[in-house]
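Chemist: Quick one, structure for this:
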Amino acid sequence: MKIGSVDVEEFSRNLARLIEEGGRALAAYLKPREEGRKSNELAEEVGEVVKTLGHVAEYWLEDPQRALEAQNRLGKAYLDLWASTAKRLTGEEIAPVVTPEAGDKRFADPEWSSNQFYDFLKQAYLLSARWARQMVSDASGLDPHTRLKAEFYVRQITNAVSPSNFVLTNPELLRETVLSNADNLVRGMHMLAEDIETGGGDLKIRQSDASMFEVGRNLATTPGKVIFQNELMQLIQYTPATPMVLKRPLLIVPPWINKFYVLDLTAEKSFIKWCVDQGITVFCISWVNPDAHLAKKSFEDYVHEGPLAALDAIKLAIGEDKVHTVGYCVGGTLLAITLATMAARHDERVASATLFASQVDFTYAGDLKVFVDEEQISALERKMGERGYLEGKTMATVFNMLRSNDLVWPYVINNYLKGKAPFPFDLLYWNSDATRMPAANHSFYMRNCYLDNKLAKGKMLIDGAPINLKSVTVPIYNLATREDHIAPPKSVLLGCKFFGGPVRFVMAGSGHIAGVVNPPAKNKYQYWIGQRPRNADLDGWLAKAKEYPGSWWPDWLVWLTRQGPTEVPARVPGEGALKAIEDAPGSYVRIRD
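Modeler: Numbering: from 1, shown residues only. Below you'll find the model as predicted:
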């Protein structure tokens, strides 16, 4: 029996299979909670949302006239939409009342515009979402932190209820469901159950085909050796690709929140390989994925057993005591703190420092500040105290939610509603390869940087003594990325004024990852160079800066070479006082969360 293109029997069988797979997904969610291995944190999270949005509601409801005006604005928008739709129904050509923002891919299917029902649905949603955002932005009297949280929560709610996220209100999904007799939903529910099982009772959305990648096989393949290791890190020295190299080597300090191979993805994208090919002796820290027995490792331990231990090892390995350094994201913050600590002790082993999308002042630290207040940090510390560490998937979820329309909902639709496996994408595979964080270290970082901004204020204590960034006088190449939501360019720009030496501020196009990992051969994006900033006026700086096409990497290489152009014969890993322990990328990076 068939009705149109629907095979009723097949459709019925698939509905039965859908219910079966749904039961499996529910069981995967409930099992760890019933066994006591996982607590239900949803109530606490919902409570935080309700409390924050309650402050917004309080502003509007305390004045009936103000509330009425807000309702009238929404009502008028709906009436305009209804009038526009009625005119379209009579055949009149008329411009839409509201259109999606540039770059919004949710409504790309032609039927969102050609079909009057879906066009009405789309515009009604966009009007409602815009009104909800205005309710927050127009609520005067909110303190800045509450406003930031409210904006974030409203964005998450409006993104979640988009008609593009549901089968019956998304024309593309409805066509797919009818044409496949709901087989797409069966496949999707099967993947949903698998992803909840993989997440140990939480949904771990697959963003890439993980079977296509393996660290050491087609990711992190630049040849080298692990020449040193301790509890917190392995130090990799890369095999030279040129007969002569710069005398001063380069030490890379990646973030411990993610794994280092974002700088060594495929050979075509690898910043590390590119540096080696330019005649630089490259060393890179590979942080361990810590478990409970490292819970007491403090931020100071990361300073001593990370960059400082690496500098000691480099001296033993190749005999050089002047080293160029690079720090990425929180690795750059750690590097800046290390430099200030070294300056206080008159330790002059670092010749220059390059900071990739790194913050030293957290006044304008962006959307991550949503999660930073005394109440939330205390709750996080209690949670970390149960295990001794913060689970990697917790931070991964936070970063994904900052760009939920790019990193969450497209994969929900593709995976669980279309029933399609995601495409293999090396960067998203890396993004899902999360790392844990020791409780003591993460607590120090959140409180001293994000909450109290002690580094910029000169009040941070390392080993019991205050450190000051003004004492850092080495040349600094400070890179920001224009669309960064983790280390906003305004925040990086302001950080320049705290250093005591020469600073070259460069802003690259694109975001936190693509703006940094931008090899010259791709000829993508652009970068800007201007005078050293003295404040947080990004627009003012940009108005006087000069724009250059393509990658900033060659500009950085020229800058680095000027810091010390002397060359020496290439050094082979393991031939010095430190012998090779194992091949790169080492074993620490392979430890999964």
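Chemist: Tell me which residues touch the nearest residue to Val161 once chain neighbours are set aside, please.
Modeler: In space, and not counting its chain neighbours, Val161 is closest to Tyr125: 7.7 Å by Cβ to Cβ, 6 or more residues apart in numbering. The C-beta positions use only the backbone N, C-alpha and C, and glycine is treated the same way. Tyr125 sits next to Val161, Ser162, Pro163 when contact means Cβ atoms under 8 Å, 6 or more residues apart in numbering.
Chemist: Can you flag the buried ones in the residues you listed?
Modeler: The neighbour-count criterion (16 or more other Cβ atoms under 10 Å) marks Ser162, Pro163 among the contacts of Tyr125 as buried.
Chemist: I figured Val6 was touching Asn181, is that so?
Modeler: Yes - between Val6 and Asn181 there is a contact under Cβ atoms under 8 Å: 6.3 Å.
Chemist: So between the two, which is more surrounded?
Modeler: Counted by other Cβ atoms under 10 Å, Val6 and Asn181 do not tie: Asn181 has more neighbours, with 21 against 16.
Chemist: Same question for the more buried one, what's its three-state structure.
Modeler: coil (DSSP: H, G, I helix; E, B strand; the rest coil).
Chemist: That one and Ala25: what is the separation?
Modeler: 21 Å (Cβ to Cβ, to the nearest Å).
Chemist: and what of Asp80?
Modeler: Computed as Cβ to Cβ, the Asp80 to Ala25 distance reads 42 Å.
Chemist: Compare the two and say which is more crowded by neighbours.
Modeler: Neighbour count, other Cβ under 10 Å: between Asp80 and Ala25, Ala25 has more, with 20 against 14.
Chemist: ranges for the strands of the stretch 351-500 of the chain?
Modeler: All strands of the stretch 351-500 of the chain, identified by DSSP state E, counting those that start in this stretch, fall at 389-390, 437-438, 461-462, 465-466, 476-481.
Chemist: Next SSE downstream of the helix or strand containing Arg66?
Modeler: Element membership for Arg66, per DSSP states H and E: helix 64-89. Per DSSP H and E, the first helix or strand lying C-terminal to helix 64-89 is helix 111-114.
Chemist: How about residues contacting that following helix?
Modeler: For helix 111-114, the external contacting residues (Cβ under 8 Å, 6+ apart) are Pro96, Phe107, Tyr118, Asp119, Lys122, Pro171, Glu172.
Chemist: Stretch 337-349 now?
Modeler: 253, 299, 303, 306-308, 311, 315, 321-323, 325, 350, 353, 455, 460, 462-463, 465, 467-469, 471-474.
Chemist: what is the rounded mean pLDDT of that stretch?
Modeler: On average, the pLDDT along stretch 337-349 is 97.
Chemist: Just the CA atoms of that stretch, as PDB, please.
Modeler: C-alpha atoms of stretch 337-349 as PDB (Å, rounded to 0.1, in the frame of the first residue of the first chain):
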ATOM      1  CA  ILE A 337      53.300  34.200  33.500                       C
ATOM      2  CA  THR A 338      56.500  32.100  33.100                       C
ATOM      3  CA  LEU A 339      58.300  35.100  31.500                       C
ATOM      4  CA  ALA A 340      57.300  37.300  34.400                       C
ATOM      5  CA  THR A 341      58.400  34.700  36.900                       C
ATOM      6  CA  MET A 342      61.800  34.400  35.000                       C
ATOM      7  CA  ALA A 343      62.200  38.200  34.900                       C
ATOM      8  CA  ALA A 344      61.700  38.400  38.700                       C
ATOM      9  CA  ARG A 345      64.600  35.900  39.000                       C
ATOM     10  CA  HIS A 346      66.800  37.500  36.300                       C
ATOM     11  CA  ASP A 347      66.500  34.400  34.200                       C
ATOM     12  CA  GLU A 348      67.300  35.500  30.600                       C
ATOM     13  CA  ARG A 349      67.000  32.300  28.700                       C
END
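Chemist: Which elements pack onto the helix holding Arg66?
Modeler: helix 42-61, helix 116-137 (3 or more Cβ pairs under 8 Å, 6 or more residues apart in numbering; DSSP states H and E).
Chemist: Please state the offset of the longest one from the chain centre?
Modeler: Think helix 116-137. Computed by Cα atoms, centre = their mean, to the nearest Å, the chain-centroid distance of helix 116-137 equals 28 Å.
Chemist: just the angle between it and helix 42-61, please?
Modeler: 80 degrees (axes from the mean of the first three to the mean of the last three Cα atoms, to 10 degrees).
Chemist: which parts of helix 116-137 are buried?
Modeler: Buried residues in helix 116-137 (16+ other Cβ under 10 Å): 118-127, 129-132, 135-136.
Chemist: just stretch 421-435 next, same as before
Modeler: Buried residues in stretch 421-435, counting neighbours by 16+ other Cβ under 10 Å, are found at Pro422, Asp426, Leu428, Tyr429, Trp430, Asn431, Ser432, Asp433, Ala434, Thr435.
Chemist: One more: stretch 137-146?
Modeler: Ala139, Leu142, Thr146.
Chemist: Please report phi then psi for the nearest residue to Glu567 once chain neighbours are set aside.
Modeler: Closest residue to Glu567 apart from its sequence neighbours, by Cβ to Cβ, 6+ apart: Met244 at 4.5 Å. Main-chain torsions, Met244, degrees, to the nearest 10: phi -120, psi 150.
Chemist: pretty sure Met244 is touching Thr281, no?
Modeler: No - using Cβ under 8 Å, Met244 is not in contact with Thr281; the gap is 10.7 Å.
Chemist: Which one's more surrounded, these two?
Modeler: Thr281 (27 against 11).
Chemist: count of residues packed around Glu45?
Modeler: Counted with other Cβ under 10 Å, Glu45 comes out at 11.
Chemist: what do you get for the one 10 residues further on?
Modeler: A total of 17 residues lie near His55 under the criterion other Cβ under 10 Å.
Chemist: what's the spacing between the nearest residue to it once chain neighbours are set aside and Thr52?
Modeler: Nearest residue to His55, sequence neighbours excluded (Cβ to Cβ, 6+ apart): Thr146, at 5.4 Å. Remark: distance between Thr146 and Thr52 (Cβ to Cβ) = 6 Å.
Chemist: how about the closest residue to Glu320 other than its chain neighbours, what does it touch?
Modeler: Among residues not flanking Glu320 along the chain, Pro249 sits closest, at 5.7 Å (Cβ to Cβ, 6+ apart). By Cβ under 8 Å, 6+ apart, Pro249 lies in contact with Ile280, Thr281, Val282, Phe283, Ile314, Ile318, Glu320, Val323, His324, Arg571.
Chemist: and with 10 Å instead?
Modeler: 237-238, 280-283, 314, 317-318, 320, 322-325, 351, 571 (Cβ atoms under 10 Å, 6 or more residues apart in numbering).
Chemist: what's the pLDDT at Met1?
Modeler: 41.
Chemist: again, but for Ile205
Modeler: 93.
Chemist: From what I see, it and Asn400 are in contact.
Modeler: Yes - the pair Ile205 / Asn400 is scored as a contact, 7.5 Å apart, by Cβ atoms under 10 Å.
Chemist: Compare the two (neighbour count), which wins?
Modeler: Neighbour totals were compared for Ile205 and Asn400, and Ile205 leads with 23 against 18 (other Cβ under 10 Å).
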